[in-house]
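Chemist: Pasting the sequence and the predicted model now:
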Amino acid sequence: MKKLTALAMLALTMILIEITPANAQTNKDVQRLAKVERAVNKIGVDENIKVTLLDGTSLKGHINAIGPDFFVVIEEKTANPQRINFVQVKQVKSIADNPLGDPAVLLGLALIPMILVFSVLAKGN
């Protein structure tokens, strides 16, 4: 009887050891999922984001729609919509609009001093 009890205790211990890490991992996944969902809802629709997926890929674009368990990102480079489930996401970051990142804006800013110099020179004649 003692051997049966010892075997039962050993089996129970092994089962508990197997269950505990799985529950801990599931708990971490649930926390990550809740964090991602809060972040996406806080950022909101039409805002620029960078999304890092669990498989390591990254997407940059803006949020087009937010659903109960997903969101849609319009990719910055290709303008393709990507439906992303919250479960797939490792991290979401908001990206501030940078008007100086546009080459046309930089060209315009570079031309302002030249226009002023030519204006002054033309008025002097």
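Modeler: Arrived safely, thanks for sending. Residues are numbered from 1 along each chain as shown.
Chemist: For Gln88, give its distance to Pro68.
Modeler: Separation of Gln88 from Pro68 (Cβ to Cβ, to the nearest Å): 15 Å. Where you see a C-beta, it was placed from the backbone N, CA and C, and this is true even at glycine.
Chemist: contact partners of the strand ranked longest in the chain?
Modeler: Ranked by number of residues, the top strand in the chain under DSSP state E is strand 58-66. Here strand 58-66 makes contact (Cβ atoms under 8 Å, 6 or more residues apart in numbering) with 40-41, 43-53, 71-77, 81-82, 84, 95.
Chemist: re the thing from before, of Gln88 and Pro68, which one has the most company?
Modeler: The neighbour comparison of Gln88 against Pro68 (other Cβ atoms under 10 Å) goes to Gln88, with 14 against 6.
Chemist: that older thread, for the longest strand of the chain, which residues meet the burial criterion?
Modeler: Judged by neighbour count using 16 or more other Cβ atoms under 10 Å, the buried positions of strand 58-66 are Leu59, Gly61, His62, Ile63.
Chemist: Apart from its chain neighbours, what residue comes closest to the third one?
Modeler: Read it as His62. Asn48 (5.0 Å; Cβ to Cβ, 6 or more residues apart in numbering).
Chemist: what's the answer for the last one, then?
Modeler: Setting aside the residues directly before and after it, Ile63 is nearest to Val45 in space (Cβ to Cβ, 6+ apart), at 5.2 Å.
Chemist: all strands for this protein, in order.
Modeler: 48-53, 58-66, 70-75, 81-85, 89-94.
Chemist: Least confident secondary structure element in this structure?
Modeler: helix 2-43 (a mean of 67; mean pLDDT, DSSP states H and E).
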